[in-house]
Structure formats: C-alpha cells, structure tokens
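>>> Predicted structure and sequence below. I'll ask about it afterward.
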Amino acid sequence: MLKFIFEIIVRQGSKQTVKHILREFFGGTFILLPIVFCVIVAVTAALVWAICHWSESKDVKQLREIGAVKVKKSFNRINYSIMFYLTSYLAIFPVLLVFGDRILAVLTSVAWALSFGIVTLLLWKEIPKNIARVTPKKAAGFCYIPLFNYYWWFIAFRGLADDVNKTAIRYGHPAFVDLNFATAVYVIWVASAVSGFLDAQELILLVNLAAIIMTFVFFVLLRNAMAKLLLLKTTLPPVAASSQEC
C-alpha cells in the first residue's frame, strides 16, 4: 500500500511532492516541515477522536460511570491504543503525500506498525485463558512475521472476534461481533497488502480506500464489544457465568 502511494507521487509529480512545493513557496525554510507534520497528525487525531467519541455505544458510556477503577483502566488502555493506531494509520497517507519517503513518513509508518501490535496484545488480554485460542503475546508477535502474517491476521483478528463471541455466550449473551464482517476485513487486508505488486492503480486505490473504512469500523466494533465484556465481568460473578456457559 505504501509502495503504491509513493509510486503515484513519483509518476504524477515527477518527484515534485507537496514538500518541495512548500519549501519553494516559503523560500526553502526547513522549519515549516515539522509544523506541517504536526498539523497533519493533530487534524487526523482530532478526526479519529471525534468519530470514536460519536460511535461510543451505551456500554462504553455505562462503563465510564461505574466505580471499578481497574476495569476502567483496562478499557482506557484499549480505547486509547485503538485511537492511536487509527490516527497513525490514517496519517500515513497525507504524510506520504507531503514528505515522500522522508524520515517523518517512515516514523509514522513505524508508529502504525507498533501500535497494531499493542492493540492486538491488549485486546487478547481481555479474553479468558480457557477460551483464548492463542496467548496475547503470540497473537501480537506473529503479526510481524513476513508472509506468514497474511495467514496470522485471520487467527489474530477473525479468531479474536470468534473468541469474543464465545466469551459473550459464556456470560449468557448473544454474539457481539459479526464474524462475516470480521472475515471480510481479513480479506480486504490481504488484498490491500498484495495490491502493491499489481499495476492497476485505480483498482488498488479502491481496495485501499475500502481497507481504511472497514478497518476503522472493525476496530470501533471491537472497542464497543470489549466494553460489553468488561461490563459483564464487573456485573456478573464468574460462578454465574460458568453456569450459563454453552
């Protein structure tokens, strides 16, 4: 995906990225570039925060009102890590357009990759050990193995959605996450990763736009599902949960 965007910059702009235009317009000053970078990140973060806040379920709002400090801390770690991941993910595109392949674009990509692992780790920590098909560290770590990660995304996220639903059923509730949508997200992730090797820019652009939208929706759904799980753990004793397991 990143390779595709950079190729568009080079082909269409003849290496004249927005960065070069800004530097020429402001007389070659270097102080403008960090300012532009900060503005891009700040605007993206504000957009992500607004959408995440708007999409909060009633369970999220109820979770904020309860007195269990430990539970709220667990949810806040998940919520903020997801927001950081989505911010770095969305910021990659304008940063690449402005800075090309420079260090700031690389740093944004690194932040995106690292936050992906952190989100994976925190989400899996909330799945009971007797239900989770993998450990949190394994779920996050295997996402960084080249080529193998294309398969592992299915285990780490479609499998996560399945285990979230199993946990909900154990507490006597219906499934929280649509597995068909989780499968579709996995497919679009693989398609987005493989699309960089194709020579069909319009198709690649559509695939990556779909990946952005579906990723955003998927992680918001997971955030809301985790709020429901944490509420169940707070309000329903483990013994009662075990007696309702099916």
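Looks like it came in fine. Here the structure is a predicted model, which is why all the values come from computation and not from measurement.
>>> from here on, contacts and neighbour counts on C-alpha atoms
Will do.
>>> check contacts around residue 198.
By Cα atoms under 8 Å, 6 or more residues apart in numbering, the residues touching residue 198 are residue 204.
>>> at 7 Å what do you get?
Listed by Cα atoms under 7 Å, 6 or more residues apart in numbering, residue 198 has no contact partners.
>>> Tell me which stretches of the protein form helices.
For the chain, the helices defined by DSSP state H occupy 2-13, 18-25, 32-54, 58-65, 69-99, 103-125, 136-141, 148-153, 159-170, 179-194, 201-235, 238-243.
>>> Show me what the fourth one is packed against.
When contacts are defined as 3 or more Cα pairs under 7 Å, 6 or more residues apart in numbering; DSSP states H and E, helix 58-65 sits against helix 201-235.
>>> Which parts of the helix it packs on count as buried, going by neighbours?
By neighbour count with 16 or more other Cα atoms under 10 Å, helix 201-235 contains the buried residues 204-205, 207-208, 210-212, 214-232.
>>> swap in stretch 141-148?
141-144.
>>> and stretch 129-141, what's its mean pLDDT?
The average pLDDT for stretch 129-141 rounds to 93.
>>> Stretch 168-177 too?
pLDDT averaged over stretch 168-177 gives 86.
>>> Could you tell me how far residue 218 is located from residue 82?
Between residue 218 and residue 82 the computed distance is 11 Å (Cα to Cα, to the nearest Å).
>>> List the contacts of residue 75.
Contacts of residue 75 by Cα under 7 Å, 6+ apart are residue 227.
>>> Report the mean confidence score over stretch 186-194.
Rounded mean pLDDT across stretch 186-194 is 90.
>>> Output it as PDB, nothing but the C-alphas.
Taking C-alpha atoms only, stretch 186-194 is exported to PDB below (Å, rounded to 0.1, in the frame of the first residue of the first chain):
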ATOM      1  CA  TYR A 186      -9.300 -10.000   6.800                       C
ATOM      2  CA  VAL A 187      -9.800 -10.500   3.100                       C
ATOM      3  CA  ILE A 188      -9.500  -6.800   2.400                       C
ATOM      4  CA  TRP A 189      -6.300  -6.600   4.500                       C
ATOM      5  CA  VAL A 190      -4.700  -9.300   2.500                       C
ATOM      6  CA  ALA A 191      -5.900  -7.700  -0.800                       C
ATOM      7  CA  SER A 192      -4.500  -4.400   0.300                       C
ATOM      8  CA  ALA A 193      -1.100  -5.900   1.200                       C
ATOM      9  CA  VAL A 194      -0.900  -7.800  -2.100                       C
END
